[in-house]
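Chemist: I would like the atomic coordinates for the input below:
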Amino acid sequence: MRIALVTENFLPKLDGVTRTLAMLLEHLQRQGHKAIVLGPEGTLRHYAGARIFGAPGLPIPFYPELRFLFPAPRLERRLARFRPDLVHVVDPMLLGAAGVAWGRRLGVPVLSSYHTNLADYCAYFHLSALVAPMWSYRRFLHNQCAVTLCPSPSTALQLRRHGFERVDLWQRGVDSQLFTPERRNPAWRRRITGDDAMPIILYVGRLSHEKNLADLVTAFTQLADHCAHLAIVGDGPARGDLERALAGRRATFTGYLRGEALAEAYASADIFAFPSTTETFGQVVMEAMASGLPVVGYDAEGVRDNVRHHETGLLAAPRNTGEFTAGLRALLDAPDHRRRMGAAAHAHAIQRDWPSVLDGLLATYGSVIADARADAPAPEARAEGVA
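Modeler: Residues are numbered from 1 along each chain as shown. This next block holds a predicted model:
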């Protein structure tokens, strides 16, 4: 197959979307397929055998690490020269809208995937006037595609409620060879806490306000009577505010970690705290669980699909900081119980591996391509239509 990815978001930015796309490109290469990427300027020139062509753009005001990308005509020419069998538009906005149009002009099927709840972000940043238009615009784009793939059943239900058609699942996997309890490292714990016995609460992800990190600060502050350390892995526009709010407390900011360093951080902690309520999946939740950590989070889309309440973690009512704090306190007070939950989390997470998940996506690609070819008019009919 020849697959064209049109994405508003790509490496070197690190988040769940870019890491998923990187693994997809690697899998396509291993399976002998060809790929091209149309994405943001300033990214890589090649990745896993795929050529990457950049589009200029402007930062989204409430999410400056993402940009509205402008569809330069040269990108359509690049796409046409590649002769794709399928165009996959990833979280389409401006460039993705062009990708839909370009695919239709080329006469090839277009598939979309939904990763980011931008309408929820508008609500979070008090831009309520933009919520309905954002849903309408995204519904308009996705409904022009053969199928819209989303990462979790709860997100699929949300999309259907908003009028999205032909919604299916492209669930996520976890690298259980990388993210495993076996990477627990007492030396890492000592570097963070200076005390082997002190429990570590871990957060991994983008440090931005829509991740609801103020609730994590509030909860950790309310745990002042407990001897625990907060480790925050990641970076982003909210880091300065978080550092000021946690000044003088047992908190460590590591910046972005990746690969074995990230896996070591997961496995060396004791509890994973995830206060976000705007997720479509929460890849870091699965990585934490595979690493043997129980999760304390909110009962929200994406998170509730992975965390089984009182089995692999604890879920609080959305935005109920008191319940979130109580969940952390309960696991800090019961080390044997949190270890049992962590073992259950590990057993649950490792059932879903990336190769099988990506094979499923390639099967969907093949099905969409086959359906499009079956629906295409015969050569004689096309000739008659031209005449």
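
Chemist: how long is stretch 221-231 end to end?
Modeler: Length of stretch 221-231, first residue to last, Cα to Cα, to the nearest Å: 14 Å.

Chemist: can you list the buried residues in that stretch?
Modeler: Buried residues in stretch 221-231, counted by 16 or more other Cβ atoms under 10 Å: 222, 223, 228, 229, 230, 231. Glycine gets a C-beta too; all of them are placed from N, C-alpha and C.

Chemist: who touches that stretch?
Modeler: With contact meaning Cβ atoms under 8 Å, 6 or more residues apart in numbering, stretch 221-231 is reached by 192-193, 198-203, 216, 220, 246, 249-252, 254, 265, 269, 273, 325, 328-329, 332-333.

Chemist: quick one: average pLDDT of it?
Modeler: The average of the pLDDT scores along stretch 221-231 is 89.

Chemist: list the residues that contact residue 39.
Modeler: Taking Cβ under 8 Å, 6+ apart as the criterion, residue 39 is in contact with 5, 6, 7, 8, 9, 10, 52, 53, 54, 55, 69, 95.

Chemist: the same query, at a cut-off of 6 Å, please.
Modeler: 7, 10 (Cβ atoms under 6 Å, 6 or more residues apart in numbering).

Chemist: same deal with the one 4 residues further on?
Modeler: By Cβ under 6 Å, 6+ apart, residue 43 lies in contact with 10, 11, 52, 54.

Chemist: would you point out the most distant pair within those?
Modeler: 11 and 54 (11.6 Å; Cβ to Cβ).

Chemist: show me the buried residues of stretch 221-231 that map onto helices.
Modeler: Using DSSP state H, residue 222 are the members of the buried residues of stretch 221-231 that sit in helices.

Chemist: pull the most distant pair out of the buried residues of stretch 221-231.
Modeler: Farthest-apart pair in the buried residues of stretch 221-231 is 222 and 231; separation 18.0 Å (Cβ to Cβ).

Chemist: which parts of the top helix by length along the chain are buried?
Modeler: Longest helix of the chain, by residue count under DSSP H: helix 354-375. By 16+ other Cβ under 10 Å, the buried positions in helix 354-375 come out as 354, 357, 358, 361, 362, 364, 365, 368, 369, 372.

Chemist: can you give me the helices in the stretch 51-200 of the chain?
Modeler: Remark: helices assigned in the stretch 51-200 of the chain by DSSP state H, counting those that start in this stretch are 73-82, 94-106, 118-124, 131-142, 153-161, 186-193.

Chemist: now the second one and helix 131-142, what's the angle there?
Modeler: Read it as helix 94-106. Computed by axes from the mean of the first three to the mean of the last three Cα atoms, to 10 degrees, the angle separating helix 94-106 from helix 131-142 equals 30 degrees.

Chemist: dump the C-alpha coordinates for helix 94-106 into CSV.
Modeler: C-alpha atoms of helix 94-106 as CSV (Å, rounded to 0.1, in the frame of the first residue of the first chain):
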residue,chain,number,x,y,z
LEU,A,94,-6.9,23.5,7.8
LEU,A,95,-4.2,21.3,6.3
GLY,A,96,-6.4,18.3,7.0
ALA,A,97,-9.3,19.9,5.2
ALA,A,98,-7.1,20.4,2.2
GLY,A,99,-6.0,16.7,2.5
VAL,A,100,-9.7,15.7,2.3
ALA,A,101,-10.1,17.8,-0.8
TRP,A,102,-6.9,16.6,-2.4
GLY,A,103,-7.7,13.0,-1.9
ARG,A,104,-11.1,13.4,-3.5
ARG,A,105,-9.6,15.2,-6.5
LEU,A,106,-7.1,12.4,-6.9
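
Chemist: ok, how many other residues are close to residue 172?
Modeler: Residue 172: 25 surrounding residues under other Cβ atoms under 10 Å.

Chemist: measure it to residue 123 for me?
Modeler: 24 Å (Cβ to Cβ, to the nearest Å).

Chemist: contact partners for residue 148?
Modeler: Going by Cβ under 6 Å, 6+ apart, residue 148 touches 112, 114, 142, 164, 167.

Chemist: how about JSON lines for those residues, with neighbour count and distance to residue 281 added?
Modeler: Listed next are the contacts of residue 148 as JSON lines, based on neighbours: other Cβ atoms under 10 Å; distance: Cβ to Cβ, whole Å:
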{"residue": "112", "neighbour count": "27", "distance to residue 281": "16"}
{"residue": "114", "neighbour count": "23", "distance to residue 281": "10"}
{"residue": "142", "neighbour count": "27", "distance to residue 281": "17"}
{"residue": "164", "neighbour count": "20", "distance to residue 281": "16"}
{"residue": "167", "neighbour count": "18", "distance to residue 281": "14"}
